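Undergrad: Have a look; sequence and predicted model below, questions after that.
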Amino acid sequence: MRATSLYIGLRMARVALHLVEGSVRIALLFPFADARRRAELRRAWSLRLLRCLGIEVAADPALAQCAAGLLAANHVSFVDVFVINAVLPAGFVAKSEVARWPLIGWLCRHNETIFIERGSRRAAHGTQLHMIDALRSGRRVAIFPEGTTTRGDRLLPFHGALFQAAVDAGTPVCALTLRYTDANGRPSAAPAYVDDVSLLECLHAILASPGLVAHVAVAANLLPPFADRRHLAHRAHGAIATSLTHQATDAPGSAVQHQRKEGAINR
């Protein structure tokens, strides 16, 4: 059953209040908190935001292996940042446009986000140096190497340049898969922030789809030393693609799942 307009309006108001509350917390608490405390605050705030959105998080126990290093994940929605922060608080590499988003941009700018400016070699070099410093200091840095979002039904080629910092810093790379399912356990495109969909439209689609679950799983934990960034990007891409394929075939209603049920009945 789809949510009513009144319900969606109330949830949107709740989300807006939570974003404002997050801004106040950052302004008052972050200047006096160490890195560990900031990570705890980021995790707790992200979990509450996801609850406001009606999204439950299903986390892979293997995420405990990703203590530090580079996190590389497929990209579906603006919500991905908060889903990852809810399980593995990290500083994100994001497009410079995100910094101009209302409230969310301000939150990102004050949450160790590293922004990329397109078309500038000097800016790209600066981004690499920031990533290397963060990784060498033991912090997690997260990237979406596709460079854009999809509906979660395919994986685009990876930009290898984003992996150079892990090669230079000699840190592990944890390849993650993100996918969203509805109340019946079937793949959902409601959170997909794609094409000409606006941020507000995407938010409305999420709130109109009760029972959403965000699944975060480890596709591979890649350890240094690495040959080069292209080889590393290829390994991460292959691991995430394979993991997404396996998860899709195990989803309720898939052809493989249907065949398994038939086989169980016929045995």
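TA: Ah, there it is.
Undergrad: which SSE is residue 70 in?
TA: In the assignment (DSSP states H and E), residue 70 maps to strand 69-73.
Undergrad: Report all helices and strands that that strand contacts.
TA: helix 80-87, helix 121-136, strand 140-143, helix 164-169, strand 173-181, helix 229-249 (3 or more Cβ pairs under 8 Å, 6 or more residues apart in numbering; DSSP states H and E). Where C-beta positions appear, they are placed from N, C-alpha and C, glycine not excepted.
Undergrad: closest to residue 107 out of these?
TA: helix 80-87 (9.6 Å; Cβ to Cβ).
Undergrad: List of residues touching the closest one?
TA: Here helix 80-87 makes contact (Cβ atoms under 8 Å, 6 or more residues apart in numbering) with 42-43, 46-47, 49-50, 55, 57, 59, 63, 71, 73, 90, 92, 94, 108, 142, 144, 176, 178, 214, 216.
Undergrad: which residue is nearest the middle of the chain?
TA: Here the mean C-alpha position of the chain is nearest to the C-alpha of residue 80 (Cα atoms, centre = their mean), at a distance of 3.0 Å.
Undergrad: Can you tell me how far it is from residue 52?
TA: 16 Å (Cβ to Cβ, to the nearest Å).
Undergrad: circling back to that earlier point, with mean pLDDT as extra columns, can I get the helices and strands packed on strand 69-73 in TSV?
TA: Below are the helices and strands packed on strand 69-73 laid out as TSV (pLDDT from 0 to 100):
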stretch	mean pLDDT
helix 80-87	95
helix 121-136	87
strand 140-143	96
helix 164-169	96
strand 173-181	98
helix 229-249	93
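Undergrad: Determine the longest helix present in the chain.
TA: Counting by DSSP state H, the longest helix found in the chain is helix 5-29.
Undergrad: If you count contacts, what does that one end up packed against?
TA: Looks like helix 5-29 contacts helix 35-53, helix 104-109, helix 199-207 (3+ Cβ pairs under 8 Å, 6+ apart).
Undergrad: strand partners of the lengthiest strand in the chain, parallel vs antiparallel please.
TA: The residue-count maximum for a strand in the chain (DSSP state E) belongs to strand 212-222. Strand 212-222 has its sheet partners listed here by DSSP bridges as strand 55-59 (parallel), strand 173-181 (antiparallel).
Undergrad: Buried ones in that strand, by neighbour count?
TA: If you call a residue buried by 16 or more other Cβ atoms under 10 Å, then strand 212-222 has these buried ones: 212, 214, 215, 216, 217, 218, 219, 220, 222.
Undergrad: Would you check how far apart the fourth one and residue 207 are?
TA: Put plainly, it is residue 216. 21 Å.
Undergrad: hang on, residue 182 packs against residue 209?
TA: Yes: Residue 182 is in contact with residue 209 according to Cβ atoms under 8 Å; the separation is 6.4 Å.
Undergrad: quick one: common contacting residues for the two?
TA: Between them, residue 182 and residue 209 share the contacting residues 188, 190, judged by Cβ under 8 Å, 6+ apart.
Undergrad: Comparing those two, which shows the higher neighbour count?
TA: residue 209 (20 against 16; other Cβ atoms under 10 Å).
Undergrad: so that one sits in a strand?
TA: No: secondary structure of residue 209 (DSSP: H, G, I helix; E, B strand; the rest coil): coil, not part of a strand.
Undergrad: Find the nearest non-adjacent residue to it, please.
TA: residue 190 (4.0 Å; Cβ to Cβ, 6 or more residues apart in numbering).
Undergrad: tell me which element that neighbour is part of?
TA: Using DSSP H and E, residue 190 falls outside every helix and strand.
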